[in-house]
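# Any chance you can model this:
(2 chains)
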Amino acid sequence: MLRVEGITAGYGPVTILRDLSFAAQAGQVTCIMGRNGAGKSTLLKAIMGQVPVQTGQITLNGAPVHRLPAHKVPGEGIAYVPQGRRLFGPLTVAENIEVGLLTRRKGPQTREFVLDLFPRLRERLDQVASTLSGGEQQMLAIARALCLEPSVLLLDEPSEGLQPSMIALIRDTVLRLRDTGLATVLVEQRVDTVLRMADQVAFMAHGRVEAQVVRADLSADSTLFQQFVGV
Amino acid sequence: MTDGAKIWTLHLLVLAAVFVAQFLLPPYHATNLARIMVLAVFAMGYNIAFGYTGLLSLGHALFFAAGMYGMGLPVWHLGWLSLPALIAGLVAGGALAGVVGLLALRTAGVSFMIVTLMFAQAGYLTLLYLNTWTGGDEGFVVLSEARVLFGFDLATDTARFITAFTLFAAGLLACLLLVRSPFGRVMVAMRENEERSRMLGYDPFRIKLLALAVSGLYAGLAGAAYGMLFGYVGASFATIQYSILPMLYVLLGGAGTVLGPFLGALLMFYLIDITSNYTDAYLFVVGAALVGLVLFAPKGILGTLRERVWRWLP
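A predicted model of the protein is given here:
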């Protein structure tokens, strides 16, 4: 599915990711954990072509995506929900979804699919996005990304700043999406969320994935959270 | 009433009011209104680039002048008639905006502003340099024989008003359709967050280039119509003043609102017209008005109205 192989990437002369390798599989949630500055968000940006990859390669189903211009990466089937949501504030919920649908000429079926996932958005179609609550904004950000009908969904700390009920709702949605065969890469700081959702966890430190373990091994080796997250 | 019905009703009522105004206003003000409508078309184009797509240009005088000279030169040198000359002006504005965009859109923000300003200044100096062809600083008069459209003499007040109104109505309705279309949403998305738009698969360069070219079409049409309706083509229309004026109209009326450019042009035109009767320092008054605007209604008149009352206003 999505394979990141030995990439080095960074901002100008500053290297953030060093010889990083990592993989995500269809129908699985792969969580990425690490302390602040470990390079988690930069990894997602490198996958999306926002941060140039200097060495190594990123492939999706065997096809390289790391040399594509950033705006072509979503067309390959990778959708990204960045930290902080970044909606188009003055546009309504319906218009934000429309902008998501247009780029790949997706039609009413996709629109209905995302609105069925988030019924609360259906109730607020004419509401301006900037006036939504934090949780609703996060739903809209995920819904808009899903309008691309991706095979890989990258989520950067979707639970940040949300109340527990919203976190639970988004967690349930991600798990439903996993069951449809979507590969989800989730950057997350909350251990409880990771333990409930992850099929695999990649632990990052100093720009590298130092360990990638499956869910069953997490409980067997509780020192990983202490070592890489400090809890 | 649905939001869509409200939007169309409001815009059609404004058009009806402007049309009826020609029968109610004295000739001086009717002529002013014709001039304002043409300038409003120019400002609508600026609004598409700045208000909806977020491209702060200081080079729109170049596109306005391209339309004006694109119309005027074929009339002067080749004896073209009004309709093909107007079309030539329209195409000249759009094409030049596309060419400038290809280069200038490699920059953003303040750099884009400076690059567009440089292009406009280069255009202005070229007009002066090629004075044999362009009439230089003095410009030239558009011959009255060429100012006939579909049998109507555009030098008469009525024909001038009707022509200006037709262009204004077409420009306004086209703008309304554009901003309510899927491409209109994408322009706003680009303005709000270019990086996020890119992550949804949009190529910002292409979107902005297209928006700038459409903006140039409006400016070109306005320039061609201005020269044709008022019978004069001159290099003064390529100066920076004509890059700043549409910006002021848009800021005053409300950036990112369809009716804002017209309202801004109307108010700014009369603000200058009235204050210049009393003082040579009328720009000081204009400046004070703009400071007040920034302090009390930074989103312009209709932008503020939309924020507080009419949320449906496009």
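# which residues touch A:Gly34?
Residues counted as contacts of A:Gly34 (C-beta atoms under 8 Å, 6 or more residues apart in numbering or on different chains) are A:40, A:203-205, A:228-229. (C-beta placed from N, C-alpha, C; glycine too.)
# Leaving out chain neighbours, which residue sits closest to the closest residue to chain A within the stretch 1-150 of chain B?
Residue nearest to chain A within the stretch 1-150 of chain B (C-beta to the nearest C-beta): B:Asp3, separated by 7.6 Å. Excluding the flanking residues, the one nearest B:Asp3 by C-beta to C-beta, 6 or more residues apart in numbering or on different chains is B:Trp312, at 4.0 Å.
# next one: A:Gln83
Of all residues not flanking A:Gln83 in the chain, A:Asp156 sits nearest, at 4.2 Å (C-beta to C-beta, 6+ apart).
# Would you mind measuring from the residue nearest to B:Asp3 to A:Leu20?
The gap separating B:Trp312 from A:Leu20 is 49 Å, by C-beta to C-beta, to the nearest Å.
# Please enumerate residues in contact with the longest helix along chain A?
Identified as the longest helix of chain A according to DSSP state H is helix A:164-179. By C-beta under 8 Å, 6+ apart, the residues outside helix A:164-179 that reach it are A:27-29, A:117-118, A:133-135, A:138-139, A:142, A:146, A:153, A:155, A:158-159, A:162, A:184, A:186, A:190, A:193, A:196-197, A:199.
# B:Ser276 contacts B:Tyr282, doesn't it?
Yes - counting by C-beta atoms under 8 Å, B:Ser276 sits close enough to B:Tyr282 to count as a contact (4.3 Å).
# where do the helices sit along chain B?
Going by DSSP H, chain B shows helices at B:3-24, B:27-47, B:60-78, B:82-104, B:110-129, B:131-134, B:157-179, B:182-192, B:194-199, B:204-230, B:241-253, B:260-275, B:282-296, B:300-308.
# right, and those - which one's nearest A:Val4?
Smallest distance to A:Val4 across those (C-beta to C-beta): 17.8 Å, for helix B:194-199.
# Return the distance of that closest one from the chain's centre.
Centre-to-centre, helix B:194-199 and its host chain are 28 Å apart (C-alpha atoms, centre = their mean, to the nearest Å).
# again, but for stretch A:39-51
11 Å.
# Spit out the contact partners of the nearest residue to B:Arg306 once chain neighbours are set aside.
Leaving out its chain neighbours, the residue that sits closest to B:Arg306 by C-beta to C-beta, 6+ apart is B:Leu313, at 4.2 Å. Applying C-beta under 8 Å, 6+ apart to B:Leu313 gives the contacts B:7, B:10, B:257, B:259, B:302, B:305-306.
# Could you identify the pair within these that is furthest apart?
By the measure C-beta to C-beta, B:Ile7 and B:Leu305 form the most distant pair in those, at 13.7 Å.
# measure the closest residue to B:Asp153 other than its chain neighbours to B:Ala34 for me?
Nearest non-adjacent residue to B:Asp153, counting by C-beta to C-beta, 6+ apart: B:Ala159, 5.7 Å away. Separation of B:Ala159 from B:Ala34 (C-beta to C-beta): 10 Å.
# Go ahead and confirm the residue nearest to A:Gln83 touches A:Arg86.
No - in this structure, A:Asp156 is not within contact of A:Arg86 by C-beta under 8 Å, at 10.3 Å.
# neighbour-wise, which of the two wins?
A:Asp156 (21 against 17; other C-beta atoms under 10 Å in any protein chain shown).
# How about the more buried one: which residues does it bridge to?
A:Val187 (DSSP bridges).
# Quick one: residues contacting it.
Going by C-beta under 8 Å, 6+ apart, A:Asp156 touches A:40-41, A:44, A:80-83, A:187.
# Among these, which one lies nearest to chain B?
A:Tyr80 (5.1 Å).
# Flag every residue of chain B that's near chain A.
B:3, B:182, B:185-186, B:188-189, B:192-193, B:195-204, B:256, B:311 (C-beta under 8 Å from any C-beta of the partner chain).
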